[in-house]
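Novice: have a look; sequence and predicted model below, questions after that.
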Amino acid sequence: MTKYKHFNPEKYKIESKIATVRRGHHCKFNINYHIIWIPKYRKQILTGKVKEVLKQIIEGQCYNMKINPLALEIMPDHLHLFVGVRPTSTPFKIVNQLKGNTSIQLRRCFPFLRYLGFKNHYGSGFKALWATGYYCGSAGHVSQEQVKRYISEQEGKPVFEYDVYNCPKELKGQMKIGDFTRG
């Protein structure tokens, strides 16, 4: 029986670690971030060998930055990363390092990513693999299992599944944040 009845990583088949309170020279901390980012134009390019290499790059970068990767789920058009960090690590620096480094290394390994998988390409390609923005949410000790469970349940779901606030009654339940299928 697992320690956390509501979170069973074996059931969802994800690799995850439970964050614990860690120590610094003069402090104790448990700082966790749930980070999401997407490829440019939401292209579905994070599959197969690209997905495997991306996972290795992220794990290596986390080791170099001395941050603890607690869960990682790579979907074809976005990725979720849940990390435990030191008080000196800021989300901006973490995301900047990970997105920059993974973009460079992935495009060295897979030249077709330079053109984001577009068949017809002109010029020298795109300057960036990833879209400009990202999502970062903080999660303390109480909610980290819920964040991991959320990440593990993302297979086959859109990134956002929240109803749009003040949506007209006739469209209630049809329009979702992140739904780009409507004109």
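Specialist: Received, thanks. As the structure is a prediction and not an experimental result, all values here were calculated from the model. Numbers count the residues shown, from 1 in each chain.
Novice: break this protein into its domains for me.
Specialist: 9-152, 159-183 (automatic domain parsing).
Novice: hey, least reliable of these by pLDDT?
Specialist: For the domains of the chain, the weakest mean pLDDT is recorded on domain 159-183, namely a mean of 47.
Novice: what ranges does this protein have for its strands?
Specialist: For the chain, the strands defined by DSSP state E occupy 22-23, 28-29, 31-37, 68-75, 78-85, 135-139.
Novice: so who does I57 touch?
Specialist: Each residue near I57 by Cβ atoms under 8 Å, 6 or more residues apart in numbering is listed here: 101-102, 105-106. C-beta here means a position set from N, CA and C on the backbone, and glycine is covered the same way.
Novice: mind checking which of those are in helices?
Specialist: Per DSSP state H, helices hold the following members of the contacts of I57: 101-102, 105-106.
Novice: are any of these buried, and if so which?
Specialist: 101-102, 105-106 (16 or more other Cβ atoms under 10 Å).
Novice: now render the residues you listed as CSV, adding distance to Y41.
Specialist: Listed next are those as CSV, based on distance: Cβ to Cβ, whole Å:
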residue, distance to Y41
N101, 21
T102, 17
Q105, 20
L106, 16
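Novice: of these, closest to P69?
Specialist: T102 (13.1 Å; Cβ to Cβ).
Novice: does the closest one really touch G60, like I thought?
Specialist: No. Judged on Cβ atoms under 8 Å, T102 makes no contact with G60 at a distance of 9.9 Å.
Novice: now do the helices in this protein.
Specialist: Listed in chain order (using DSSP H), the helices of the chain are 9-12, 48-65, 91-109, 144-152.
Novice: hey, which of those helices is tucked in deepest?
Specialist: For the helices of the chain, the largest average neighbour count (mean count of other Cβ atoms under 10 Å) is found in helix 144-152, namely a mean of 20.
Novice: now C62: how far from H26?
Specialist: Here C62 is placed at a distance of 24 Å from H26 (Cβ to Cβ, to the nearest Å).
Novice: er, L72 I mean
Specialist: 30 Å.
Novice: neighbour count winner among those two?
Specialist: Legend: neighbour count by other Cβ atoms under 10 Å for L72 and H26, higher for L72 (20 against 5).
Novice: and that one, bridged to which residues?
Specialist: Note on L72: beta-bridge partners L81, judged by DSSP bridges.
Novice: what residues are up against it?
Specialist: 15, 55, 58-59, 79-82.
Novice: want to throw those into JSON lines with distance to F126?
Specialist: Below are those laid out as JSON lines (distance: Cβ to Cβ, whole Å):
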{"residue": "E15", "distance to F126": "31"}
{"residue": "K55", "distance to F126": "22"}
{"residue": "I58", "distance to F126": "21"}
{"residue": "E59", "distance to F126": "25"}
{"residue": "L79", "distance to F126": "18"}
{"residue": "H80", "distance to F126": "23"}
{"residue": "L81", "distance to F126": "22"}
{"residue": "F82", "distance to F126": "28"}
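Novice: this completes my enquiry, with thanks.
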